[in-house]
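K.L.:
got a structure for you, letters missing:
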């Protein structure tokens, strides 16, 4: 597992050997078609069928075996990639828009060029588009498309195109080889790695200082070499400190190998306690208040309680203090548990408009830290705050750690 801590607080757990099917590629058989929702259901040999949208995918469908119709029909065999895991009563989602992520680009089958919105200089955006266009043209037969990532800004076009070519060749090879495979067969198994996880964090550049710590020598060597090769910064040896570390660091990054035989990383960072508290139904706040997290079939409801924190003459200021602390905790809890879909928060009622604005500003700032898109929708007349978080993989529960 990989753990992400911000200011010593656990905000994300990454299962590197997870049960997730997202990213896996299968040859699938169409077993039913539902005209009313413009979708078909696919059999890949698992215990449940997959949902496949004809609105989103029919023009990109990769047929391995089909009849005379150019439409997707029952009995057809197609190549798909899992884009979403099954969540509660919703089935896993499959797509023909096969994609792979690299350091500089994400390739797909949209036939389009997209550039990260964080690259704002128009000349740079145009330079990057012009650099990748010839490569996409060579793979037009698979409807090659690309999203140019933020990490591409200022990078030589040759390096970006080299990565793009390799990823598109991977997609084409998978498509070509699948034509000779049986239905309901796993073609490609997506594997997360600590190197890929660390690389993603490093090149998103979300932190002023990022330290990667591992107790595995192979992982340490791979991440260290990747940092030295791709960052072009001046690294120095790290101070061993209280525990036995070795490694390198720069102004922005550090990679450390934990070598202390008297203890473990779990104990040093108190990870077990952080997990138990982070996944509890009732989460207590330093102010004396608490939050209660209640997942339901349709949404996740989060209630903020005062507890024993109500004291003093200015009760509204006490309520604001609890609500603001709760907003910070809720944003971390959403990330940690990977809560998605509709989220409704019942904060303690505030009466002053300026207090409400201060609370909502705090909440918006905190949810903006999330790697996954979170939309603030509104505060209802009853004072309930509505959020919506993009669904990526399934939510985590305490059972995942047993």
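P.N.:
Received, thanks. Predicted model, so just to flag it, every value in this text is computed and none were measured.

K.L.:
Report the buried residues of the helix or strand residue 171 falls within.
P.N.:
Remark: residue 171 resides in helix 157-178, with elements defined by DSSP states H and E. The neighbour-count check on helix 157-178 (16 or more other C-beta atoms under 10 Å) flags 157, 160, 161, 163, 164, 167, 168, 171, 172, 174, 175, 178 as buried. C-beta here means a position set from N, CA and C on the backbone, and glycine is covered the same way.

K.L.:
can you check stretch 107-119 too?
P.N.:
107, 108, 109, 113, 115, 116, 119.

K.L.:
what's the first-to-last distance across that stretch?
P.N.:
End-to-end span of stretch 107-119 (C-alpha to C-alpha, to the nearest Å): 18 Å.

K.L.:
Can you pull out the residues in contact with that stretch?
P.N.:
Residues from elsewhere that reach stretch 107-119, judged by C-beta atoms under 8 Å, 6 or more residues apart in numbering: 60, 96-100, 125, 128-129, 132-133, 136, 140, 142-150, 152-153, 164, 167-168, 171.

K.L.:
Any of those buried? List them.
P.N.:
60, 96, 98-100, 125, 128, 132, 136, 142-149, 152-153, 164, 167-168, 171.

K.L.:
Cross those against strands and list the overlap.
P.N.:
Per DSSP state E, strands hold the following members of those: 100, 145, 146, 147, 148.

K.L.:
distance between stretch 283-292 and the chain's centre?
P.N.:
Relative to its parent chain, stretch 283-292 has a centroid offset of 27 Å by C-alpha atoms, centre = their mean, to the nearest Å.

K.L.:
Pick out whichever of the ones in strands among the buried ones among the contacts of stretch 107-119 sits closest to residue 255.
P.N.:
Nearest to residue 255 among those is residue 100, at 25.2 Å by C-beta to C-beta.

K.L.:
show me the contacts for that closest one.
P.N.:
The contact partners of residue 100, by C-beta under 8 Å, 6+ apart, come to 106, 107, 167, 170, 171.

K.L.:
pLDDT (mean, whole number) over the helix holding residue 171?
P.N.:
Per-residue pLDDT values over helix 157-178 give a mean of 94.

K.L.:
Output the contacting helices and strands for it.
P.N.:
Using 3 or more C-beta pairs under 8 Å, 6 or more residues apart in numbering; DSSP states H and E, the elements in contact with helix 157-178 are strand 25-34, strand 62-65, strand 77-84, strand 100-101, strand 105-108, helix 122-138, strand 185-188.

K.L.:
Which one of those lies nearest to residue 389?
P.N.:
Closest to residue 389 of those is strand 77-84 (C-beta to C-beta; 13.4 Å).

K.L.:
partners of that closest one in the sheet?
P.N.:
Strand pairing for strand 77-84, determined by DSSP bridges: strand 25-34 (antiparallel), strand 62-65 (antiparallel), strand 93-95 (antiparallel).

K.L.:
The stretch 251-400 of the chain: helices as residue ranges?
P.N.:
All helices of the stretch 251-400 of the chain, identified by DSSP state H, counting those that start in this stretch, fall at 265-268, 271-278, 315-337, 353-367.

K.L.:
Pull out the buried positions in the lowest-mean-pLDDT helix or strand in the chain.
P.N.:
Of all helical and strand segments in the chain, the minimum by mean pLDDT, DSSP states H and E falls on helix 194-204, at a mean of 72. For helix 194-204, a neighbour-count test (16+ other C-beta under 10 Å) marks 194, 196, 197, 198, 199, 200, 201, 202, 203 as buried.

K.L.:
In contact with the nearest residue to residue 386 once chain neighbours are set aside, which residues are there?
P.N.:
Take residue 386 and drop its neighbours on the chain: the residue closest to it by C-beta to C-beta, 6 or more residues apart in numbering is residue 377, 3.9 Å away. Taking C-beta under 8 Å, 6+ apart as the criterion, residue 377 is in contact with 386, 387, 388.

K.L.:
And for residue 71?
P.N.:
Shown in contact with residue 71 (C-beta under 8 Å, 6+ apart): residue 58.

K.L.:
On the three-state scheme, residue 22 is what?
P.N.:
Recorded secondary structure, residue 22: coil (DSSP: H, G, I helix; E, B strand; the rest coil).

K.L.:
Count the residues that sit near it.
P.N.:
Here the number of neighbours of residue 22 (other C-beta atoms under 10 Å) works out to 17.

K.L.:
Give me the phi and psi angles of it.
P.N.:
phi -60, psi 130 (degrees, to the nearest 10).

K.L.:
my guess is residue 32 meets residue 74, correct?
P.N.:
Yes: the criterion here is C-beta atoms under 8 Å, and residue 32 meets it with residue 74 at 6.5 Å.

K.L.:
Find the residues that touch each one of these two.
P.N.:
Counting by C-beta under 8 Å, 6+ apart, the contacts common to residue 32 and residue 74 are residue 40.

K.L.:
Please name whichever of the strands paired with strand 77-84 is nearest to residue 218.
P.N.:
Across these, closest to residue 218 is strand 25-34 (C-beta to C-beta), at 27.1 Å.
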